[in-house]
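Visitor: Sequence unavailable; structure follows:
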């Protein structure tokens with residue numbers, strides 16, 4: 001039997017389209033995951049294991065945050081397909097990891113007409129419980145995000161990014177964390193949209209997964225400045241907040257759970273995310289997880305950056 005509190009919340013949400021209910025729930029679930037990420041850090045025991053090597057780590061925060069996100073959303077939306085980054089054993093999730101709340105602010109927004117009739121079983125959720133794990137283990141906390149992306153028909157249509165340690169540099173007493181969300185046709189919220197001045201080309205790229213192909217592509221953009229940070233979510237935030245002009249990653253290290261939520265938010269403010277050939281990625285449940293032809297994301301002037309991608313890079317990242 002459903003507990004009375006959860007039953008009341010279901011009734012309160014019942015008048016809204018399912019995608020808005022899912023997004024409203026994802027907002028609170030991402031905040032819960034962010035609090036788990038902070039709690040594990042403060043415990044002093046990160047529980048680090050290597051998945052495929054020193055640059056591909058998993059921590060207790062990754063594991064608990066994914067359990068929390070997937071269990072919380074699947075309990076409320078049992079027909080939605082949920083795909084998480086971490087390959088975790090099937091086990092009962094403790095109740096203290098479950099988040100039952102939702103964002104009233106999101107429910108009060110008008111759903112774009114093209115999404116208002118969607119059914120649960122048509123939606124796919126892509127989850128990165130802790131984007132920027134390596135940076136998390138190194139104390140680069142502003143690189144860390146929690147990503148929950150919602151896809152329909154292969155397209156990223158809504159996203160939530162939680163920054164668990166936003167404001168951490170301000171020290172004791174500062175309110176930690178913020179949550180950004182967006183949906184194409186509705187807008188993006190939780191941050192101040194800005195653009196880099198037109199005469200500055202500032203390219204953000206990978207901090208820990210660089211190679212010759214990546215740098216050949218970055219250099220071909222003739223940037224005035226190159227910024228190297230961790231986390232796809234963090235890079236897209238830098239883009240929409242006007243700190244950089246383009247996110248350039250000519251490699252296969254990025255995966256669908258890294259880009260689904262950020263892409264939806266970027267599209268919501270008129271930006272674009274493609275591979276190095278200018279093709280969009282698909283987020284159907286059965287697609288391969290790797291974004292094997294690179295990532296190029298911009299707020300404006302996408303075609304210019306595409307035109308600068310060298311032929312050698314396109315050859316190295318041939319479409320499947």
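Guide: Perfect, I can see it now. Every value quoted in this text rests on a predicted model; they were computed, and no experiment measured them.
Visitor: In a helix, residue 38, correct?
Guide: Yes: using DSSP: H, G, I helix; E, B strand; the rest coil, the assignment for residue 38 is a helix.
Visitor: To what extent is it buried, counted in neighbours?
Guide: 18 (other CB atoms under 10 Å). Where you see a C-beta, it was placed from the backbone N, CA and C, and this is true even at glycine.
Visitor: residue ranges for the strands of the chain, please.
Guide: Applying DSSP state E to the chain gives strands spanning 49-53, 56-58, 81-84, 123-131, 145-152, 155-163, 178-183, 187-189, 202-206, 225-229, 246-249, 272-274, 295-298.
Visitor: Of these, which is nearest residue 117?
Guide: strand 145-152 (10.8 Å; CB to CB).
Visitor: could you give me the average pLDDT of stretch 59-67?
Guide: For stretch 59-67, the mean per-residue pLDDT is 90.
Visitor: same check, this time on stretch 190-206
Guide: So the average pLDDT for stretch 190-206 ends up being 90.
Visitor: As a check, name the ranges of all helices in the chain.
Guide: 4-13, 18-43, 60-76, 104-107, 133-138, 212-220, 232-240, 256-268, 302-307, 311-316 (DSSP state H).
Visitor: could the ones you listed be laid out in TSV, adding distance to residue 174?
Guide: Below are these laid out as TSV (distance: least, CB to CB, whole Å):
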stretch	distance to residue 174
helix 4-13	31
helix 18-43	13
helix 60-76	20
helix 104-107	23
helix 133-138	19
helix 212-220	34
helix 232-240	18
helix 256-268	24
helix 302-307	36
helix 311-316	41
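Visitor: in the chain, which helix or strand is least confident?
Guide: When the helices and strands of the chain are scored by mean pLDDT, DSSP states H and E, helix 4-13 comes last with a mean of 49.
Visitor: Which pLDDT value does the model give residue 161?
Guide: With respect to pLDDT, residue 161 scores 98.
Visitor: In the sheet, which residues pair with it? Tell me.
Guide: Taking DSSP bridges as the rule, residue 161 bridges to residue 147, residue 180.
Visitor: That one reaches residue 146, doesn't it?
Guide: Yes: using CB atoms under 8 Å, residue 161 is in contact with residue 146, at 7.1 Å.
Visitor: Which residues are in contact with each of the two?
Guide: Common neighbours of residue 161 and residue 146 (criterion: CB atoms under 8 Å, 6 or more residues apart in numbering): 30, 233.
Visitor: hang on, the earlier thing: of all the helices of the chain, which lies closest to residue 114?
Guide: Checking the helices of the chain against residue 114 by CB to CB gives helix 18-43 as the closest, at 10.1 Å.
Visitor: how much distance is there from that closest one to the middle of the chain?
Guide: Its chain's average C-alpha position is 12 Å from that of helix 18-43, according to CA atoms, centre = their mean, to the nearest Å.
Visitor: Check which residues of that helix are buried.
Guide: Of the residues in helix 18-43, 18-38, 40-41 count as buried by neighbour count, 16 or more other CB atoms under 10 Å.
Visitor: Could you do stretch 262-271 as well?
Guide: Using 16+ other CB under 10 Å, the residues of stretch 262-271 that count as buried are 262, 263, 264, 265, 266, 267, 268, 269, 271.
Visitor: and residue 223, what is it in contact with?
Guide: 201, 202, 203, 245.
Visitor: Need the residues you listed in CSV (columns: neighbour count).
Guide: CSV is the format used below for the contacts of residue 223 (neighbours: other CB atoms under 10 Å):
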residue, neighbour count
201, 19
202, 19
203, 22
245, 27
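Visitor: Quick check: the closest residue in space to residue 175 that isn't next to it in sequence vs residue 270, distance?
Guide: Using CB to CB, 6 or more residues apart in numbering and skipping the chain neighbours, the partner closest in space to residue 175 is residue 167 (6.3 Å). Note on residue 167: its distance to residue 270, by CB to CB, to the nearest Å, is 27 Å.
Visitor: Sounds good, over and out.
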